[in-house]
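Engineer: predicted model and sequence follow; I will ask about them next.
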Amino acid sequence: MGSRYTISTKLTLACLSAIFAVQVYWAVTRPIGAGEAYLYDRFVRPTTRQVLASELLDRDVLYSLLEKRSVGLFHVSPFSVRLPSLLFGIFYLCSSWYLCSRWRLTRRFPVAVVVMGAIPLGWGWFAHADGTGVALALCTGAICFAVERKHLNWIGLCLGLSISANVAFAIPAMVLALLILAVQRRWSEWCNQVVIPGAVVVLMVLVLPLSHAHSAAEDLPELTQPQAAHLKSALAALRASAGWNHVGIAAVPVTEPVANFYRAQHRATNWLHVGTDVASEHLDYYLVSAADEGRVAGRHLIVIYRDADFLVLRRPVAPM
Amino acid sequence: MPTGWLIVFFVVFAAFFACYLSNAVAPEISPDGSSYHLGNVARDWRHHGFDWSYHSIYSSLSQGMEMLFLVAFSIGRHPAAAMVHLAFQTVLPLLMLCYGRRFGFPRVGAFAGLLVYACPVVGIAGISAYNDLTVATLIFAGFYLLQVNNETYSFKLMVLIGLLCGFGYGVKYTAGLMLPFAAGWSRGRRLLALCLGAAVTAGPWVVRNWVWLGNPAAPFLNSWFPNAYWTAAAEHQYLAGLREYPAFQSHFDFVMQLTVLGGLVPGMIGPAFLLLPLALLALRYPQGRKLLLAGAIYSVPAFLNTEVRFLIPALPFFALALGLAMENSWGALPAVALFQSILCWPTVMDSYCDRNAWRIRGFQMQAALRPETESGYIASHVGDYALKDSINQAVPVGGKIFSFAGRAAAYIDRDIVVGYESLQGMRIQDALQNAASVRVAKSQGCDFLLVNDSDGVAADMKQNQKKWGVTELAKANGITLYHID
């Protein structure tokens, strides 16, 4: 009997490790995006009661809960908000490994595993603080359990959790459930072990957040990597300029959650208010995109930071 | 039955029972309880029998529950009546547990019992002097006995089922569905026994209304039985009002209001009932099919009345069907039962449901054990109560008061003629609203008026008392008592 770890499996493991290492590197180094900051600022930072009162639609309820736990343990940072995604990345890679090995793709096994592991890499799903990666990992897990045919209850559980992690996965999860029925053709088991656990999990996680989500979801344009890096620099310049003074800050909608995230990350409690009321003339700092420069023109503001994407402006009177 | 389930059932049951008991022992403040349910009881108590000269749609409804209330009222007044209803509420989950055990699914019985018992609308209705939980318990008991009778036929059992059907009708007309439902299961002698039993307990109410009002189904079916106290047009208008829902943003919003939020509909049934579509999976089993059929039939009244409590009689059947559907799914029953119990605990509901939702707010130990005075507690919840003393002083015994809106008649020892509750009241209301005249009221024996600030004539009457021929006697909580000069 040959060793379980042939050269090809070792090579595959090395590739998967490399893929995961890249994800970890991205999770640590990439500046926070607008969507990630929005999720943190609207659904993770406030208390549950405040979130329910806000009536905003949270599409990543399970991820918000996991992120809340992660932030509670490791404080606010781009890495801590992405940690749940990263952990589910490991789960995804293990599932990919298992699936490919089950399908006996002996020769193509390494290629299949690496391709499956690398697909999410292209989008950075496991280095991004939203429910997509978690939902994908859970769906893959559900497929594994379906292939294994042992722990059928876990299929429903995984599918339910995947919908809870990102409601956009509702249709893919349902299609997957129907595919499992089509393949296994065991109606009663399918009902008891896929549909019911899935529905119960979805109900338990989503019922309160969705029942209160009367407001339309805010659609923020996602920042590109250079824009996110520029915004981080702009906020650093603002922080340096404000020092320990108590200041009020106005930001355009796309930058406001990021500014709030930055404020929480650096515990900048002297930033009294980060709002979107750029039209107000009484605030100390204005963080606007280059395209919105016209909105603050004519106020004789002092530019303290400027790049291709963002400007930070200060009122002439120094804050006390 | 697994010991774990027994422990879970009785721990949750005991916690909710303690909460419900403290609320039931507190003075009665529910809207319908303090107005017509106990209003009728108080009037019967004062008159030592029915007041045949008093006509209202609510006094012409069958009064089976009020007869039980009357006995309790004679001993412990208003809260005692609520305690009678609490007794039925307490029996219901235990009956469901027994049903599950008897027919081979004890975990489902315990699950469904908890689901229903923790339900917010079941909680608040059960601690009030209402009759919905009595109806639900009678209906479920009738169904239970029918199933038992299917196994071992007994003539006596059929008579008992008939008695329950008739008593159900005596408690609330909507429970009249019990009889055709049970008849569907019976043939020949069984049917005879059923009808015999039903006639004993329902008959007196039919006869009373036929003799007294000329309409055995009063206050309904007035087009078939025309009478001097209520018209078909008024009946139609009244029923249309009961069916009217507020505007919802979407069907999703409606379902959420019904189960989780409870602000736009009076009451809610709890988040776990969002899983009800899964109950259709119970169609796989014969018991499931029976339960779903019963649930569907007993939910018909809910389509005719927007009050969520009209769904209560159907909930035990749907909860059992849901439990049957989920029985073979590992961990689903305890998870959902505990989920419902936790989310429906009064203090937990504070964090998610609508502020105005009709529900229990928590333990009422202060009011229950009376360190807080009874009158103080009632006055803080029932607006009309502030005028009780003024009415007792100004209105002579036997005097009548007209009011546009329903009043807390249970706490006011004088007869109140309400505008929409009888033909007499509607005549007075029309004269006041259209002709600005109090003469009709006076001619009908009403020497006093109770007017809310929100009533159409309130502002004019207040400013032009001489023109109207009235004198203001007292005012509190936006309600004014006038004497007709």
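Structural biologist: Great, that's in hand. Since the structure is predicted, the reported quantities are computational estimates derived from the model, not experimental observations. Numbers count the residues shown, from 1 in each chain, chains lettered A, B, ... in the order given.
Engineer: can you list the residues that contact the lowest-mean-pLDDT helix or strand in chain B?
Structural biologist: When the helices and strands of chain B are compared on mean pLDDT, DSSP states H and E, helix B:365-368 comes out lowest with a mean of 88. With contact meaning C-beta atoms under 8 Å, 6 or more residues apart in numbering or on different chains, helix B:365-368 is reached by B:21, B:22, B:23, B:25, B:26, B:27, B:372, B:374, B:377. Yep, even glycine has a C-beta here, placed from its N, CA and C like the rest.
Engineer: which one of these is nearest to residue B:246?
Structural biologist: Nearest to residue B:246 out of those is residue B:23 (C-beta to C-beta; 26.7 Å).
Engineer: could you check which helix or strand contains residue 203?
Structural biologist: No chain specified, so I'll use chain A. helix A:196-211 (DSSP states H and E).
Engineer: ah, no, chain B please
Structural biologist: helix B:188-213.
Engineer: same check on residue A:65?
Structural biologist: Per DSSP H and E: helix A:61-74 holds residue A:65.
Engineer: and the angle from that helix to helix A:196-211?
Structural biologist: On the basis of axes from the mean of the first three to the mean of the last three C-alpha atoms, to 10 degrees, helix A:61-74 is oriented at 80 degrees to helix A:196-211.
Engineer: burial count for the residue nearest to residue B:108 when sequence neighbours are not counted?
Structural biologist: Using C-beta to C-beta, 6 or more residues apart in numbering or on different chains and skipping the chain neighbours, the partner closest in space to residue B:108 is residue B:323 (3.6 Å). Counted with other C-beta atoms under 10 Å in any protein chain shown, residues neighbouring residue B:323 total 29.
Engineer: can you check the one 3 residues further on too?
Structural biologist: Here the neighbour count serves as a burial measure; for residue B:326 (other C-beta under 10 Å) it reads 29.
Engineer: contact partners for it?
Structural biologist: Residue B:326 touches A:192, A:196, A:200, B:111, B:275, B:278, B:281, B:332, B:333, B:336, counting by C-beta under 8 Å, 6+ apart.
Engineer: show me what whichever helix or strand comes after the helix holding residue A:65 is packed up against.
Structural biologist: Helices and strands here follow DSSP H and E; after helix A:61-74, the next one along the chain is helix A:78-102. Packed against helix A:78-102 by the contact rule (3 or more C-beta pairs under 8 Å, 6 or more residues apart in numbering or on different chains; DSSP states H and E) you find helix A:7-29, helix A:34-39, helix A:61-74, helix A:109-123, helix A:131-148.
Engineer: list the buried ones in the last one?
Structural biologist: Looking back up the chat, that one is helix A:131-148. Neighbour-count burial for helix A:131-148, counted by 16 or more other C-beta atoms under 10 Å in any protein chain shown, picks out A:131-146.
Engineer: which helix runs longest in chain B?
Structural biologist: Ranked by residue count and defined by DSSP state H, the top helix of chain B is helix B:64-102.
Engineer: taking helix B:188-213 as reference, get the angle to it.
Structural biologist: 160 degrees.
Engineer: which residues does the helix or strand that helix B:64-102 is followed by contact?
Structural biologist: Elements were assigned by DSSP H and E; along the chain past helix B:64-102, the next helix or strand is helix B:106-117. Residues from elsewhere that reach helix B:106-117, judged by C-beta under 8 Å, 6+ apart: B:1-2, B:5-6, B:8-9, B:12-13, B:16, B:89, B:92-94, B:96-101, B:122, B:270, B:272-273, B:315-316, B:319-320, B:322-324, B:326-327, B:333-334, B:336-337, B:340-341.
Engineer: which of the residues you listed fall within helices?
Structural biologist: With helices taken from DSSP H, the overlap with the contacts of helix B:106-117 comprises B:5-6, B:8-9, B:12-13, B:16, B:89, B:92-94, B:96-101, B:122, B:315-316, B:319-320, B:322-324, B:326, B:333-334, B:336-337, B:340-341.
Engineer: and the residue of the stretch 51-200 of chain A nearest chain B?
Structural biologist: Of all residues in the stretch 51-200 of chain A, residue A:196 sits closest to chain B, at 3.9 Å by C-beta to the nearest C-beta.
Engineer: for that residue, which residues are in contact?
Structural biologist: Residues near residue A:196 by C-beta under 8 Å, 6+ apart: A:156, B:278, B:281, B:325, B:326, B:329, B:332.
Engineer: please redo it, this time with the cut-off set to 6 Å
Structural biologist: By C-beta atoms under 6 Å, 6 or more residues apart in numbering or on different chains, the contact set of residue A:196 is B:326, B:329, B:332.
Engineer: check residue B:359 too.
Structural biologist: B:120, B:124.
Engineer: now the angle between helix B:315-326 and the helix holding residue A:203, please.
Structural biologist: 130 degrees.
Engineer: thinking again about what came up before, can you flag the buried ones in the ones in helices among the contacts of helix B:106-117?
Structural biologist: For the ones in helices among the contacts of helix B:106-117, buried by 16+ other C-beta under 10 Å: B:5, B:8-9, B:12-13, B:16, B:89, B:92-93, B:96-97, B:99-100, B:122, B:315-316, B:319-320, B:322-324, B:326, B:333-334, B:336-337, B:340-341.
Engineer: how is chain A carved up into domains?
Structural biologist: A:7-211, A:225-314 (automatic domain parsing).
Engineer: the shortest one: end-to-end distance?
Structural biologist: It refers to domain A:225-314. 26 Å (C-alpha to C-alpha, to the nearest Å).
Engineer: and the average pLDDT for that domain is what?
Structural biologist: Average pLDDT, domain A:225-314: 85.
Engineer: now that domain, how far from the centre of its chain.
Structural biologist: 23 Å (C-alpha atoms, centre = their mean, to the nearest Å).
Engineer: host element of the nearest residue to residue B:198 once chain neighbours are set aside?
Structural biologist: Leaving aside its chain neighbours, residue B:198 sits nearest to residue B:166 (3.8 Å; criterion: C-beta to C-beta, 6+ apart). Using DSSP H and E, residue B:166 sits in helix B:155-171.
Engineer: shaky segments in the chain?
Structural biologist: You didn't say which chain, so I picked chain A. For chain A, applying pLDDT under 70 flags the ranges A:1-5, A:104-107, A:217, A:317-320.
Engineer: for it, what lies in contact range of chain B?
Structural biologist: Contacts of chain A with chain B, taken as C-beta under 6 Å from any C-beta of the partner chain, map to A:49, A:52, A:153, A:191-192, A:196-197, A:199-200, A:203-204, A:207-208, A:211.
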